[in-house]
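Novice: Coordinates only, no sequence provided:
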């Protein structure tokens, strides 16, 4: 929210963890009186995530249980990479 409000750009959900890390680093630098450059890559906009953002802010996200067997099967079906 802070990024969208201050920068006018809605980031995709995936890089949001990086934005949080940047905010934490900036706060630590400010507290330490340290002037540092913080560089991060923002990959994509959140225009396709709007319905998910709406559901989140309306407290209507649904928890989906994913059985471990389904996860294991998906991992087994991944292409094998030679060592």
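Specialist: In hand now; what should we look at? Keep in mind that this is a model prediction, so the values were computed, not measured.
Novice: need the helix or strand of the protein with the lowest average pLDDT.
Specialist: Across the helices and strands of the chain, the lowest-confidence element by mean pLDDT, DSSP states H and E is helix 2-7, at a mean of 82.
Novice: Show me where the protein has its strands.
Specialist: Here the chain has no strands by DSSP state E.
Novice: can you pull out the helices in it?
Specialist: 2-7, 16-32, 50-57, 68-76 (DSSP state H).
Novice: Any chance of CSV for these, columns mean neighbour count and distance to residue 83?
Specialist: Where C-beta positions appear, they are placed from N, C-alpha and C, glycine not excepted. Converted to CSV, the helices of the chain look like this (neighbours: other CB atoms under 10 Å; distance: least, CB to CB, whole Å):
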stretch, mean neighbour count, distance to residue 83
helix 2-7, 11, 40
helix 16-32, 12, 29
helix 50-57, 11, 38
helix 68-76, 9, 17
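Novice: Mind checking those for the one nearest to residue 40?
Specialist: Closest approach to residue 40 among the helices of the chain is made by helix 16-32 (5.1 Å; CB to CB).
Novice: Show me what the mean pLDDT comes to for that closest one.
Specialist: Averaging pLDDT along helix 16-32 yields 92.
Novice: and if you look at stretch 59-75?
Specialist: pLDDT averaged over stretch 59-75 gives 92.
Novice: same deal with stretch 38-49?
Specialist: On average, stretch 38-49 scores 80.
Novice: I'd like the numbering to begin with 12 instead of 1 from here.
Specialist: Sounds good: first residue 12 from here, last item stretch 49-60.
Novice: Which positions in it come out as buried?
Specialist: 53, 57, 60 (16 or more other CB atoms under 10 Å).
Novice: so who does the first one touch?
Specialist: With contact taken as CB atoms under 8 Å, 6 or more residues apart in numbering, residue 53 is in contact with 20, 22, 26, 29, 30.
Novice: likewise the second one?
Specialist: The neighbours of residue 57, taking CB under 8 Å, 6+ apart as the test, are 21, 22, 23, 24, 64.
Novice: tally of neighbours for the nearest residue to it once chain neighbours are set aside?
Specialist: Spatial nearest neighbour of residue 57, excluding adjacent residues (CB to CB, 6 or more residues apart in numbering): residue 21 at 4.1 Å. Residues near residue 21, counting by other CB atoms under 10 Å, number 16.
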